[in-house]
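> need a 3D model of the following:
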Amino acid sequence: MNPPIPGRLLFINRFYWPDEAATAQLLTDLAEGLAARGHRIAVIASHDGNPKTPRREIRRGVEIIRVSATRWGQRRMAGKAIDYATFALAIRRTLRAEARAGDRIVAMTDPPVLALIAAAAGRRTGAGTIHWLQDIHPEISLTLSPSRLLASLCRPWIRRRNAAWQRAEACVAISGDMAAFVEENGVPAGQVRVIPNWAPGGNALVPLAHEQNLLRKQWGLEGRFVAAYSGNLGRVHVFGPLLAAAAALRDDPGIVFLFIGAGPQRETLERQARLQGLNNVRFQPAQPQARLAESLSAADVHLVTLRPGCQRLVYPSKLYGIAAVARPLLYVGPLNCELARTIQQGGFGIAVPDGDAASLAGALRFLQADPAHRAVMGNAAAHWARATGGLAAAITRWEELLGTALC
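Modelled structure (predicted):
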C-alpha cells in the first residue's frame, strides 16, 4: 500500500450514496475503500431531494458535498439534458470553492461534460486531473443517432475532450477496448490505465440457491427456467433479439424471460411484449443493493446485450455481479469485443451475434436441458470473479496509479 497522499482526491459524479445507480455504487465502494487506507477523499454529487439527506457530511471517512441539481430525466432526453446542465453549473461553482493546488480532481463521466469542467478547474487552481471513464461520449450519441449535423456539432466538443484527456495525469478505462479507443484519440499509452469495475458492495454478493431465494418465490418463478436481463434498459443495449427468442419459445411453459430494472427502453419493451402476446416475458423493478444477491440469483442464465458500434464505448459492469453469483451468461451483440472474448475464454458464457434470435433460442433450450452444464459454467463464472480480485484489487490498482501519477 502506498502512503496516503497529502492533498484530497475530489471525485465528481452525478450520483453517490444513498443513490443506488451503478456509478453511485462503484464510486461509494472506491471512495470508502481509499478512505479506509488513509487517503483524504471528498465526493461532489447531486442532492437526492430528500430533506433528511444532509448537504454536507462525513461518512466512513469520506467527505460528501451534495449540490442542487434537477432530477427530471430518467425517461425523457429533454429532462436528462436539463439535469446535466444544472449539475454542470453547480459543479463549476463548487469546484471554485473546493479545489486547490495539491488536490486531484477525479471526474467520472456522468454527465459527459465533466471532463471539460475538471480540466478547466485544474488549470485555474493548479489541481491535478484524472478521468475515470465509465463510457465514452459523444461517440455513443453519434453511434445511436448518426447524422451529419450531429457529427458536425460534436467535433469541437471531441477536440476539447481529447485535449482534456491528453493534459490529464491519467485516464482510467474500465476495459482494454476502451483504453485502446482513448489512446487512438491522442492520449499517450503511459497515461492510460485499465482498472476493471467490480461487483457492487465488494464481497457481499454470493450465490443463493433457488429454494432459499425468497424473491424468486415472490415473483412466482418456482419450477421455471429463468433467462434474466438485469440492469439498465438503456439505448446502448438491444432487446429485439430477446423478444424474438421469447416469441420462438412461447409454447414452452417452462421458460420465462425476466427483465429487472428501468431505463429509457423499458416502456417500449413492455408495450412490444404486450402487443406480441408474449406471456413468457415478465418485468420487475430494479432491486435495492440489499436484495441484489436474491435478484441476480433468481436467474438460471443471464442475458447481456450490446448494440453494434458501442462495444468499445461501454463495458457492462453487470458482468461482475452475475459472475459473483455463479450464473452463466448469454451475450448478444458484436463478437469482436472484449466482453465476448472474456466470457468465451473463461468458459462461463455463450456469445451470439446480434440479430441471431434463432441461435439465442437454441442456446437457451440447450442450457435449459442440461443443468449439469449450467453448473459447470456457473462455477467457471465464480472462478473468474474471484480471479479478478474484485474491489480490493481495484483499490490497490488505484493506489498504484496514485503513487505513480501523483507523486
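> buried ones in stretch 145-155?
Buried residues in stretch 145-155, defined by neighbour count with 16 or more other C-beta atoms under 10 Å: C154. Heads up, the C-betas are built off the backbone N, CA and C, glycines and all.
> what's that stretch in contact with?
Contacts to stretch 145-155, defined as C-beta atoms under 8 Å, 6 or more residues apart in numbering, come from residues P138, S141, L142.
> can I get that stretch as PDB, trimmed to CA atoms?
The C-alpha coordinates for stretch 145-155 follow below in PDB (Å, rounded to 0.1, in the frame of the first residue of the first chain):
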ATOM      1  CA  SER A 145     -28.300   8.700 -33.700                       C
ATOM      2  CA  PRO A 146     -25.900   9.100 -36.700                       C
ATOM      3  CA  SER A 147     -26.300  12.400 -38.600                       C
ATOM      4  CA  ARG A 148     -24.000  14.800 -40.300                       C
ATOM      5  CA  LEU A 149     -25.400  17.700 -38.400                       C
ATOM      6  CA  LEU A 150     -24.800  16.000 -35.000                       C
ATOM      7  CA  ALA A 151     -21.300  14.900 -36.100                       C
ATOM      8  CA  SER A 152     -20.500  18.500 -37.100                       C
ATOM      9  CA  LEU A 153     -21.800  19.900 -33.800                       C
ATOM     10  CA  CYS A 154     -19.800  17.300 -31.800                       C
ATOM     11  CA  ARG A 155     -16.400  17.900 -33.500                       C
END
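> and it, how far out from the chain's middle?
Centre-to-centre, stretch 145-155 and its host chain are 25 Å apart (C-alpha atoms, centre = their mean, to the nearest Å).
> still on that earlier bit, which of the contacts of stretch 145-155 fall in helices?
In helices, judged by DSSP state H, the following of the contacts of stretch 145-155 are found: S141, L142.
> so which of the contacts of stretch 145-155 comes closest to A163?
Using C-beta to C-beta, P138 is the member of the contacts of stretch 145-155 that sits closest to A163, with 14.9 Å.
> OK, contacts around the closest one?
P138 sits in contact with P112, C154, W157, I158, where contact means C-beta under 8 Å, 6+ apart.
> please report how far the second one lies from G240.
The span separating C154 from G240 equals 27 Å under the rule C-beta to C-beta, to the nearest Å.
> now the third one
As defined by C-beta to C-beta, W157 lies at a distance of 30 Å from G240.
> any idea which helix or strand carries F283?
Taking DSSP states H and E as the criterion, F283 maps to strand 281-284.
> contacts for that strand, please.
Counting by C-beta under 8 Å, 6+ apart, 219, 243, 246, 256-260, 266, 269-270, 273, 295 sit against strand 281-284.
> who does it pair up with?
strand 255-260 (parallel) (DSSP bridges).
> CA atoms of the helix or strand that the partner strand is followed by as PDB?
Next along the chain after strand 255-260, taking DSSP H and E as the criterion, comes helix 266-275. Below are the C-alpha coordinates for helix 266-275, written out as PDB (Å, rounded to 0.1, in the frame of the first residue of the first chain):
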ATOM      1  CA  ARG A 266     -38.400  -0.300 -20.700                       C
ATOM      2  CA  GLU A 267     -41.800   1.300 -21.700                       C
ATOM      3  CA  THR A 268     -41.300   0.400 -25.300                       C
ATOM      4  CA  LEU A 269     -40.200  -3.100 -24.400                       C
ATOM      5  CA  GLU A 270     -43.200  -3.700 -22.200                       C
ATOM      6  CA  ARG A 271     -45.500  -2.400 -25.000                       C
ATOM      7  CA  GLN A 272     -44.000  -4.700 -27.600                       C
ATOM      8  CA  ALA A 273     -44.300  -7.700 -25.400                       C
ATOM      9  CA  ARG A 274     -48.000  -7.000 -24.800                       C
ATOM     10  CA  LEU A 275     -48.600  -6.400 -28.500                       C
END
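> okay, the angle between helix 266-275 and strand 255-260?
160 degrees (axes from the mean of the first three to the mean of the last three C-alpha atoms, to 10 degrees).
> same for helix 266-275, what does it pack against?
helix 240-248, strand 281-284 (3 or more C-beta pairs under 8 Å, 6 or more residues apart in numbering; DSSP states H and E).
> so which of those is the most surrounded?
Sort the helices and strands packed on helix 266-275 by mean neighbour count, taking mean count of other C-beta atoms under 10 Å, and helix 240-248 sits at the top with a mean of 20.
> against which helices or strands is that one packed?
Going by 3+ C-beta pairs under 8 Å, 6+ apart, helix 240-248 lies up against strand 255-260, helix 266-275, strand 301-305, helix 357-369.
> number of nearby residues for A101?
A101 has 10 neighbours, counted by other C-beta atoms under 10 Å.
> go ahead and confirm G234 touches Q265.
Yes - G234 is within contact range of Q265, at 6.7 Å (criterion: C-beta atoms under 8 Å).
> can you give me the strands in the chain?
Here the chain has its strands, by DSSP state E, at 9-12, 41-46, 56-59, 62-67, 104-107, 128-133, 170-173, 192-194, 225-230, 255-260, 281-284, 301-305, 329-332, 349-352.
> make CSV from those strands and add mean pLDDT and distance to L360 to it.
Below are those laid out as CSV (pLDDT from 0 to 100; distance: least, C-beta to C-beta, whole Å):
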stretch, mean pLDDT, distance to L360
strand 9-12, 98, 39
strand 41-46, 98, 38
strand 56-59, 98, 43
strand 62-67, 98, 42
strand 104-107, 98, 38
strand 128-133, 98, 30
strand 170-173, 98, 29
strand 192-194, 98, 30
strand 225-230, 98, 9
strand 255-260, 98, 11
strand 281-284, 98, 14
strand 301-305, 98, 8
strand 329-332, 98, 6
strand 349-352, 97, 5
